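**Student:** Structure, please.
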Amino acid sequence: MRIFILLALSLPFWGAAQNANITKFFIEKKGTITMSEEREDWEIDVQHLEAPKPGISGLRAELHQKKLQIMREYPTASSSGSRATTGSVPHLGSNFEGNSFQGIPNDNDMAISNDSIIVSVTNRRIHMYNAVTEEQVLYRSLANLTSPLGISGSKYDPKVIFDPTNNRFIMIFLSGFTWETSQIIVGFSQTNDPTGDWNMYALPGNPLDNETWSDYPVVGISGKDLFIGINTFTNGSTNNSGFTQTCLWQVGLKEGYVGFELVTNYFSDILPQNKPIFNIAPISAADASDAENMYLLSNRNTDIQNDTIFLLEVTGRATDSTTQLVVTTIQSDQPYVLPVPAEQAANQWFDTNDSRVLGGYIHNGTIHFVQSCTDINTGTSAIYYGLIDEPSGNPTVTTRIYSEPNVYYGFPNISWSGLSENDEQSIISFNHSGETDFAGFSAIHVNSQLEASNRIEIKTGFALVNVLSDTLERWGDYSGSQRLYDEPGTVWAVGSFGNANNGHGTWIAELKSPDAPTGINSQEIDKVSAVAFPNPFSDRIQIEFELKQSTLLRLELIDIEGNLVKLFVEDKLKAGINRLSFNDSFLASGTYLLNAVSVEGILFSKKVIKQ
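**Tutor:** Model prediction:
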């Protein structure tokens, strides 16, 4: 690995001067793995099953004491909270159980390709699904992926992202808990097929040789580069007690996709107000983008209450010699209060962590972001939703707090759900729990006026989560959400629920804007048994269905706008098994519905994807 250091930059920003060190690293490829290759997988998993307890040193314990103070000051109430509900809830489409996971915490993330292949991750595991058939197509442990690379440290905190501009997946996860072993593993899929070959790299977790290690990764992409925000800690620290600073990696995308040496920038000593920030969240574009600059967000997320938002902008590519980091300090229109623990049944509680920014996107020059907070009107953990206008000019932030009496929200994420370029609307997915509500997974829709719908419950929990040797359970650190880029108004999300074994379950769901056209229905209809194969397809597709009696049937293909693409047949079909097949050479790539309509209505409706 070759290293050279650029001079520390003194950069202006609104309110004070910003000093940031930028160190350039060149990282050679560690190796290539074939995801589908069968390898011995022992799935070794060592976990610590005790929660941080009040009175023990460390940031988590300090946060817990602050939260107890908030609970005393703002007890739970049955008021309506801060939300003005309006409009329809998101449509719930395909949804199914994802990665099985009995450990802690349940750090969910996911990405989905335009071919509807889902890559879903939790701590130490990666699963891939066909979103159309809901079938698992591949499963691997993170240790299995690194065994050919000779990396033996503990594997944790995976994140995954789909790049719509280059039609590729990127996955990162961490390895090692000490400065001697800490590494950030980065994988780039060579094609749009995540079951194929990946170029694998290992970024140093202690790049400055200052005896720190890296934790809590957050990822995003510009049109040219990958950005990885991480926190660094001193060796041997526990419960975040040895926090040093938050740093940022900027990594060239093109080099990663083709397997070349990575050109990277490492940003350290990011000190707005002469104080290190804690956590940094890259904000990716809502759609495919070729932008070279990148926005990131941070805040004072461990304070009991604050209204400061830090807007960071990286200008220039990783390969440039003139790359800069500019930090702007913004005062929010209302403060965010540290989220109180989320109540479960039987005096069990969830740790809601801090008020860090957990997700966001930029669209039409406006940044949308979400984080956790407490709604002082309800006394429950809630969602803090913010808009930042004119991020490159004179930025201002407008916020809303979304909550519900007696129900606790946690770990939100957000995706754009607009149907056209100027359609400003979002879907926010999140975990929920309550004294009478087992931990589950929910979503709301937010319109252009920042008015939120009522909550739709995507997955209801089966039982309380009881994994740790205390009443305070880990609830996760993240949840995943991504717009399906070639299907307007459609968002896929992943969250957790209390499974029947008193552990964490994973649930994956397709959500649609309530304004989405009815062409691609939110739920497939199966009054008659029907199977489409192969699906997705690239040559011919066959649809087999069984009729109990001879039926006058109309078989038609509908596009995502609800338009009729092709009427295949309108005739009386015989009882028994029937098969429809057709030549797709006249059909554009995309998502369609194949409907079978009789005088009784739709007998079946199958989503099919032409590659």
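**Student:** what about the closest residue to F411 other than its chain neighbours, neighbour count?
**Tutor:** Using CB to CB, 6 or more residues apart in numbering and skipping residues adjacent in sequence, the residue nearest F411 is S479, 4.6 Å away. Quick note: C-beta positions are derived from backbone N, CA and C, even for glycine. Neighbour count of S479, defined by other CB atoms under 10 Å: 25.
**Student:** Same check on the one 3 residues further on?
**Tutor:** For Q482, the neighbour count with other CB under 10 Å is 25.
**Student:** Look up how far T490 lies from it.
**Tutor:** Distance, Q482 to T490, using CB to CB, to the nearest Å: 10 Å.
**Student:** Now stretch 271-290: buried residues?
**Tutor:** Within stretch 271-290, the residues that count as buried by 16 or more other CB atoms under 10 Å are 271-272, 276-286, 289.
**Student:** And the next helix or strand past the longest helix seen in the chain?
**Tutor:** Determined from DSSP state H, the single longest helix within the chain is helix 59-73. Heading C-terminal from helix 59-73, the first helix or strand you meet, by DSSP states H and E, is strand 91-97.
**Student:** Give the pairing partners of that following strand; include direction for each.
**Tutor:** Strand pairing for strand 91-97, using DSSP bridges, gives strand 504-512 (antiparallel).
**Student:** pull the CA atoms of the partner strand into PDB?
**Tutor:** Only the C-alpha atoms of strand 504-512 are listed here, as PDB (Å, rounded to 0.1, in the frame of the first residue of the first chain):
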ATOM      1  CA  HIS A 504     -35.000 -10.800  16.000                       C
ATOM      2  CA  GLY A 505     -36.700 -11.600  12.700                       C
ATOM      3  CA  THR A 506     -36.100  -9.900   9.400                       C
ATOM      4  CA  TRP A 507     -38.900  -8.700   7.100                       C
ATOM      5  CA  ILE A 508     -38.500  -7.500   3.500                       C
ATOM      6  CA  ALA A 509     -41.300  -5.500   1.800                       C
ATOM      7  CA  GLU A 510     -42.200  -3.700  -1.400                       C
ATOM      8  CA  LEU A 511     -44.000  -0.400  -0.700                       C
ATOM      9  CA  LYS A 512     -45.600   1.800  -3.300                       C
END
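**Student:** the helices in the chain, which residues?
**Tutor:** Using DSSP H, helices in the chain cover 59-73, 142-146, 253-258.
**Student:** Could you report the pLDDT at E50?
**Tutor:** Reported pLDDT at E50 in the predicted model: 46.
**Student:** should've said P517
**Tutor:** 70.
**Student:** Next: I558.
**Tutor:** 87.
**Student:** for T591, same thing?
**Tutor:** 84.
**Student:** and what of S222?
**Tutor:** So S222 comes in at 96 (pLDDT).
**Student:** Just to check, E211 is in contact with N235?
**Tutor:** Yes. Look at E211 against N235 with CB atoms under 8 Å: they come within range, at 5.2 Å.
**Student:** Where does pLDDT dip in the stretch 1-150 of the chain?
**Tutor:** 1-19, 39-58, 79-85, 101-104 (pLDDT under 70).
**Student:** how does it look with 90?
**Tutor:** Within the stretch 1-150 of the chain, the stretches with pLDDT under 90 are 1-20, 36-65, 77-88, 93-94, 99-108, 122-125, 132-135, 139, 141-150.
**Student:** which residues of the stretch 301-450 of the chain fall in strands?
**Tutor:** 305-315, 324-337, 342-343, 349-351, 357-363, 366-375, 380-389, 396-402, 408-416, 426-433, 440-446 (DSSP state E, counting those that start in this stretch).
**Student:** For the fourth one, name the packing helices and strands.
**Tutor:** Okay, so that is strand 349-351. Judged by 3 or more CB pairs under 8 Å, 6 or more residues apart in numbering; DSSP states H and E, strand 349-351 is in contact with strand 342-343, strand 472-474.
**Student:** and what of the longest one?
**Tutor:** With contacts defined as 3+ CB pairs under 8 Å, 6+ apart, the secondary structure elements packing on strand 324-337 are strand 9-13, strand 16-27, strand 305-315, strand 366-375, strand 380-389, strand 396-402.
**Student:** how about the CA coordinates for it, as PDB?
**Tutor:** Provided in PDB are the C-alpha atoms of strand 324-337 (Å, rounded to 0.1, in the frame of the first residue of the first chain):
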ATOM      1  CA  GLN A 324     -11.900  19.800  -0.700                       C
ATOM      2  CA  LEU A 325     -14.200  19.300   2.300                       C
ATOM      3  CA  VAL A 326     -16.500  22.200   3.300                       C
ATOM      4  CA  VAL A 327     -18.600  22.100   6.400                       C
ATOM      5  CA  THR A 328     -21.600  24.400   7.000                       C
ATOM      6  CA  THR A 329     -23.300  24.700  10.400                       C
ATOM      7  CA  ILE A 330     -27.100  25.100  10.200                       C
ATOM      8  CA  GLN A 331     -29.600  25.800  13.000                       C
ATOM      9  CA  SER A 332     -32.700  23.600  12.700                       C
ATOM     10  CA  ASP A 333     -36.100  25.200  13.100                       C
ATOM     11  CA  GLN A 334     -36.800  22.900  16.100                       C
ATOM     12  CA  PRO A 335     -34.500  20.800  18.300                       C
ATOM     13  CA  TYR A 336     -34.100  17.100  18.300                       C
ATOM     14  CA  VAL A 337     -34.300  15.400  21.700                       C
END
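**Student:** Pick out the residue closest to the middle of this structure.
**Tutor:** G480 (2.4 Å; CA atoms, centre = their mean).
**Student:** Please pull out the lowest mean pLDDT helix or strand from the protein.
**Tutor:** None of the helices or strands of the chain scores lower by mean pLDDT, DSSP states H and E than strand 9-13, at a mean of 32.
**Student:** Can you lay out the strands of the stretch 301-450 of the chain as TSV showing distance to E38?
**Tutor:** Formatted as TSV, the strands of the stretch 301-450 of the chain follow (distance: least, CB to CB, whole Å):
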stretch	distance to E38
strand 305-315	40
strand 324-337	44
strand 342-343	41
strand 349-351	38
strand 357-363	35
strand 366-375	40
strand 380-389	42
strand 396-402	46
strand 408-416	33
strand 426-433	34
strand 440-446	32
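**Student:** Make TSV out of the ones you listed and add mean neighbour count, distance to T195 and mean pLDDT.
**Tutor:** Converted to TSV, the strands of the stretch 301-450 of the chain look like this (neighbours: other CB atoms under 10 Å; distance: least, CB to CB, whole Å; pLDDT from 0 to 100):
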stretch	mean neighbour count	distance to T195	mean pLDDT
strand 305-315	20	33	97
strand 324-337	19	37	96
strand 342-343	22	36	96
strand 349-351	23	34	93
strand 357-363	24	27	98
strand 366-375	25	32	98
strand 380-389	25	35	98
strand 396-402	20	38	97
strand 408-416	26	24	98
strand 426-433	29	26	97
strand 440-446	25	26	97
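**Student:** which non-adjacent residue is nearest S529?
**Tutor:** Nearest one to S529, counting by CB to CB, 6+ apart, is E546 at 5.3 Å.
**Student:** can you tell me which residues contact that neighbour?
**Tutor:** 528-530, 576-578 (CB atoms under 8 Å, 6 or more residues apart in numbering).
**Student:** One more: F582?
**Tutor:** 540-541, 566, 568.
**Student:** partner residues bridging it?
**Tutor:** Applying DSSP bridges, one finds that F582 bridges with I541.
**Student:** quick revisit: of the buried residues of stretch 271-290, which is the nearest to L68?
**Tutor:** Set against L68, the nearest of these by CB to CB is F278 (20.4 Å).
**Student:** Which pLDDT value belongs to that closest one?
**Tutor:** For F278, pLDDT reads 92.
**Student:** Show me which pair in the contacts of E546 is furthest apart.
**Tutor:** It's A530 and G576 that sit farthest apart of the contacts of E546, by CB to CB, at 13.5 Å.
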